[in-house]
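**Q** A structural model of the following input is requested.
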Amino acid sequence: MKPTERRLFQSKGAVSIATAIIENAAMPKHKQRTQAEIAAELGVNIQSVREVVSRLRKRGRIPGSDRQTTNAASPAAGTRRPVTGGPTTSPLDLEEAIRRAELGDFSGISVLDAEQRRRGLSYLAQTAPPAVQVQAHKALEDMERSQGSVVGPPPPTTDPETITRLAILLDAAGAELAFAAMKEAFPKVAQ
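**A** Alright, predicted model coming up:
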């Protein structure tokens, strides 16, 4: 930037990276500086400038680059393109959808069945960022619990295992309740 050009945001002392980037984005295209020029001007690493640019774009504080908005840069074959945003809907579409939902009109909307929801959650549990993976695992566990799937240890398979589990249960209940339960379960033996 030439010394005669006025900065959009006046500050006392050092200019932050974010401020310099926002100022640069507000300039006409032909006057904008490159990220390398901004890094050199501020005396910081170019990677720091790139990280701040990325954060500002995600927050919508600065527009995306031409490469991001025109799809000029296409990915190599066999690679996944990063997701930069979902499908956009116009405000009228959104208002219409809200109106229809308030009236209970769900025609034309397919509802996912349990298997489709399970597949979607399984996909998220394997491929999403860690925080989303945790939530997907919790949702899958809740689905299993609500469908009556057994949560906990499997049923005992041998007599000694059954005796051990019953002994733990009777011990937890206490002697009086254990004997009362025995009388209730086996009245002939208790007499």
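**Q** span of stretch 105-121 from start to end?
**A** Counting by Cα to Cα, to the nearest Å, you get 27 Å between the two ends of stretch 105-121.
**Q** so how far is that stretch off the chain centroid?
**A** Stretch 105-121 has its C-alpha centroid displaced from the chain centroid by 19 Å (Cα atoms, centre = their mean, to the nearest Å).
**Q** which residues does that stretch contact?
**A** Contact with stretch 105-121 is made by R100, A136, A139, L140, M143, Q147, as judged by Cβ atoms under 8 Å, 6 or more residues apart in numbering. C-betas here are computed from N, CA, C, even on glycine.
**Q** try it again at 10 Å.
**A** Stretch 105-121 has contacts (Cβ atoms under 10 Å, 6 or more residues apart in numbering) with 97, 99-101, 128, 135-140, 142-144, 146-147.
**Q** which ones among those residues are found in helices?
**A** 97, 99-101, 135-140, 142-144, 146 (DSSP state H).
**Q** drop anything exposed from those.
**A** Neighbour counting by 16 or more other Cβ atoms under 10 Å classes A136, A139, L140 among the ones in helices among the contacts of stretch 105-121 as buried.
**Q** quick check: of these, which lies closest to A167?
**A** A167 lies nearest to L140 out of these, by Cβ to Cβ, at 34.3 Å.
**Q** that closest one touches Q126, doesn't it?
**A** No. If you go by Cβ atoms under 10 Å, L140 and Q126 don't touch, sitting 11.0 Å apart.
**Q** quick check: domain ranges of the protein?
**A** Under the assignment automatic domain parsing, the domains of the chain span 17-65, 114-146, 159-190.
**Q** I'd like the ones you listed as JSON lines, with mean pLDDT and distance to D93 appended.
**A** Shown next, in JSON lines, are those (pLDDT from 0 to 100; distance: least, Cβ to Cβ, whole Å):
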{"stretch": "domain 17-65", "mean pLDDT": "86", "distance to D93": "20"}
{"stretch": "domain 114-146", "mean pLDDT": "86", "distance to D93": "23"}
{"stretch": "domain 159-190", "mean pLDDT": "89", "distance to D93": "58"}
